[in-house]
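Colleague: Here's my sequence, what's the structure:
(one chain, ligands or ions: 2)
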Amino acid sequence: MFHILVADPISKEGLDVLQQNPNVTVTEDTNLSPDELESRIGQFDGLLVRSQTKVTRPIIEKASKLKIIGRAGVGVDNIDLDAATEQGIIVVNAPNGNTNSAAEHTMAMTMALSRQIPQAHVSLQNGKWDRKKYVGVELKGKTLGIIGLGRIGTEVAYRAKGQRMDVIAYDPFLTEEKAEQMGVTYGTLEEVLQESDYITVHTPLLKETRHMIDANAFSRMKDGVHIINCARGGIIEEEALYDAIVSGKVAGAAIDVLEEEPFQDHKLLTLPEVIATPHLGASTVEAQENVAIDVCHDIISHLTGDTAKNPVNIPSVPSDILSQIEPYFHLAEKLGMFLIHLTEDVPEEVNIYYSGELSDVKMAPITRNAVKGLLKRHLGTHVNDVNALYFADRKGITINESRTSTAKGFTNLLSVEVKTKSGVRRVAGTLLNGLGPRIVRVDQYSVDVMPEGHLVVIHHQDLPGVIGKMGSLLSKYQINIATMQVDRSDIGGNAIMILTIDKYLEKDELAGLKQLEEIIDVTAVDL
Ligand SMILES: NC(=O)c1ccc[n+]([C@@H]2O[C@H](COP(=O)([O-])OP(=O)(O)OC[C@H]3O[C@@H](n4cnc5c(N)ncnc54)[C@H](O)[C@@H]3O)[C@@H](O)[C@H]2O)c1
Ligand SMILES: O=C(O)CC[C@@H](O)C(=O)O
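Modeller: Ligands and ions are numbered 1, 2, ... in the order given. The predicted structure is shown next:
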């Protein structure tokens with residue numbers, strides 16, 4: 001018998017899926033404090049949550065029987081995925097069921113913002129009949145900037161076009177062709193910021209997207225811009241939004257999510273230009289039914305030995321194959337992560353070459369790890385080796401694998417190549433017996449770099465003094481260099497320097513390094 005704890009309100013239709021299974025008992029308790037959850041979680045095989053319950057490491061560490069955590073919704077930022085993976089607990093979500101509802105809520109908020117509907121309603125409730133104060137603006141003919149054109153961003157784009165808005169979108173996986181097919185304008189982040197009358201964000205909350213809309217971003221927007229966030233708190237820096245509204249730069253903001261939830265007392269809510277809802281994007285009957293049914297089916301599948309459709313964290317490889325290839329998963333993922341940092345354009349094709357001892361292994365699971373590493377920088381932690389190829393396909397990226405017998409002196413060599421419109425970037429790595437993974441080639445250069453920590457990849461001219469200048473500047477920033485690798489194409493030609501440093505390179509420090517005259521480009525890579 002499997003015991004499942006339902007810790008947040010979940011639609012009845014989903015719970016029926018669980019309750020109708022004779023091997024399952026369901027306990028619903030949606031008022032547990034974190035301490036109570038921690039003390040009771042040890043009795044359960046499955047845990048089902050929405051976004052309210054924080055499934056933290058201390059809770060997961062007490063979950064001695066837990067086999068699966070189901071998230072009825074998309075974002076899994078309320079679940080400690082690393083802790084779950086370490087505990088061998090699969091986390092499944094329901095990524096598709098609330099897309100329409102979140103897109104509709106975004107449009108509802110955009111329209112309510114434009115016509116000040118909530119403010120006018122409260123004014124009426126207070127006995128006023130104020131027709132002059134609540135003069136709005138039309139959406140027709142205005143430009144909507146969408147940052148993040150995934151499932152929800154795409155649906156918002158179609159709806160905005162229905163309102164006869166012009167849509168410009170930025171997404172690292174958006175190509176000009178795809179934008180044209182959708183009838184939206186392809187933009188860089190800068191173009192979206194500068195050209196939009198309304199800006200709506202639809203990215204996951206990741207290290208890269210945290211505070212992507214900050215004071216600097218606001219300063220590049222049009223005066224009187226409207227801002228909408230129905231994605232995740234933290235994508236927009238709240239203090240900067242507050243200041244931009246007070247200064248008049250931003251005419252109004254519609255907010256469904258903030259960094260700390262619940263957010264009843266937030267200072268943004270004191271501003272008359274702000275309208276807000278308490279994280280209601282997915283709160284429709286239909287979305288809650290969809291996500292509950294999807295996630296409950298996945299919970300039953302996993303507990304009864306079938307494959308879950310929407311795993312977020314766990315690889316699924318047969319155990320006999322796993323022992324042979326598992327050591328390469330980490331190397332493959334790190335090569336992908338490294339390479340995507342060097343890839344400035346949209347990836348169109350990824351070629352993975354298996355050489356030496358790797359030329360007769362089962363390639364697909366290793367390929368999935370390399371692709372996972374490539375994609376997760378922009379798509380976030382829900383990309384794993386199970387769903388990486390699916391996401392690559394959805395983003396229009398072709399994946400090719402080939403075997404070659406020559407490993408250029410290495411026992412095993414895994415090479416990953418990304419083709420974009422602007423060219424080809426390559427990286428290769430090997431597993432050194434007893435020493436672990438190493439990056440051994442970057443484009444045409446030979447190196448020997450452990451693929452972990454904070455790396456800085458510097459392309460520069462091979463001139464005397466460059467290394468010294470780089471060292472001095474880093475020392476000025478109080479940054480310690482742990483390792484350094486250099487190689488060059490020819491004397492006085494182009495060269496590469498790869499540093500491992502002891503801390504994350506901040507934006508302004510990166511900009512400082514780029515100022516040195518011999519530098520061609522500098523990329524900070526966090527592995
Ligand atoms: N308010 C709600 O109740 C509610 C409901 C559902 C989803 N959400 C949230 O909405 C967001 C979008 O969900 P989705 O299902 O569309 O996800 P998705 O994965 O389908 O789309 C996210 C898109 O963001 C893009 N992206 C990643 N980094 C980017 C960057 N730096 N700049 C621009 N684009 C970037 C990705 O390439 C991807 O296409 C998530 O944060 C999700 O948690 C909120
Ligand atoms: O549980 C909810 O209602 C919120 C869900 C939403 O934020 C999501 O990421 O799917």
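
Colleague: Now the residue of the stretch 51-200 of the chain found nearest ligand 2. Its backbone dihedrals?
Modeller: Closest residue of the stretch 51-200 of the chain to ligand 2, CB to the nearest ligand atom: G73 (2.7 Å). For glycine as for every other residue, the C-beta is placed from the backbone atoms N, C-alpha and C. When read as degrees, to the nearest 10, the backbone of G73 gives phi 150, psi -170.

Colleague: these two touch, right, it and L48?
Modeller: No - at 11.0 Å, G73 does not count as touching L48 under the criterion of CB atoms under 8 Å.

Colleague: So which residues of the stretch 101-250 of the chain form strands?
Modeller: 143-147, 166-170, 185-186, 198-201, 225-229, 250-255 (DSSP state E, counting those that start in this stretch).

Colleague: Phi and psi next, for E273.
Modeller: phi -80, psi 0.

Colleague: how much space between it and E260?
Modeller: E273 sits 21 Å away from E260, going by CB to CB, to the nearest Å.

Colleague: same thing with D462?
Modeller: In terms of CB to CB, D462 sits 50 Å off from E260.

Colleague: Kindly report the same for N400.
Modeller: In terms of CB to CB, N400 sits 45 Å off from E260.

Colleague: E273 and E260 - which one has more neighbours?
Modeller: E273 (18 against 10; other CB atoms under 10 Å).

Colleague: per-residue pLDDT, the more buried one?
Modeller: pLDDT, E273: 98.

Colleague: List the residues that contact the residue nearest to it when sequence neighbours are not counted.
Modeller: The shortest distance from E273 to any non-neighbouring residue, by CB to CB, 6 or more residues apart in numbering, is to G252 (4.3 Å). Going by CB atoms under 8 Å, 6 or more residues apart in numbering, G252 touches L113, Q116, H226, I227, I245, E273, V274, I275.

Colleague: so how far is E195 from the residue lying closest to I236 once chain neighbours are set aside?
Modeller: Once flanking residues are discounted, I236 sits nearest to I213: 4.2 Å by CB to CB, 6+ apart. Distance, I213 to E195, by CB to CB: 15 Å.

Colleague: Compare those two and say which is more crowded by neighbours.
Modeller: More crowded of I213 and E195, by other CB under 10 Å: I213, with 23 against 16.

Colleague: these two touch, right, the more buried one and A244?
Modeller: No - contact criterion CB under 8 Å: I213 and A244 do not qualify, at 9.4 Å.

Colleague: Give the buried residues for stretch 3-13.
Modeller: I4, L5, V6, A7, D8, I10, S11 (16 or more other CB atoms under 10 Å).

Colleague: from those residues, which ones fall inside strands?
Modeller: Residues from the buried residues of stretch 3-13 lying in strands, with DSSP state E as the criterion: I4, L5, V6.

Colleague: For E38, which residues are in contact?
Modeller: P58, I59, K62.

Colleague: Excluding sequence neighbours, find me the nearest residue to D256.
Modeller: Per CB to CB, 6+ apart, closest to D256 is C230, 4.2 Å.

Colleague: Next one: that neighbour from ligand 1, what distance?
Modeller: Distance of C230 to ligand 1, computed by CB to the nearest ligand atom, to the nearest Å: 5 Å.

Colleague: Out of the contacts of E38, which is nearest to L435?
Modeller: P58 (34.9 Å; CB to CB).

Colleague: The closest one in helix, strand or coil?
Modeller: Here P58 is helix, with the state taken from DSSP: H, G, I helix; E, B strand; the rest coil.

Colleague: go on, A308?
Modeller: Under three-state DSSP, A308 comes out as coil.

Colleague: one step back: can you select the buried ones among the contacts of E38 for me in ChimeraX?
Modeller: In ChimeraX, a selection of the buried entries from those looks like this (16+ other CB under 10 Å):
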select :59
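
Colleague: and the contacts of E38 near ligand 2, which?
Modeller: Taking CB under 6 Å from any ligand atom, there is no overlap between the contacts of E38 and the neighbourhood of ligand 2.

Colleague: Run through the helices of the stretch 301-450 of the chain in chain order.
Modeller: Listed in chain order, the helices of the stretch 301-450 of the chain (DSSP state H, counting those that start in this stretch) span 319-342, 364-379, 388-394.

Colleague: Relative to ligand 2, which of the ones you listed is closest?
Modeller: helix 364-379 (14.2 Å).

Colleague: what is the mean pLDDT for that closest one?
Modeller: 91.

Colleague: Return the set of buried residues in it.
Modeller: 365-379.
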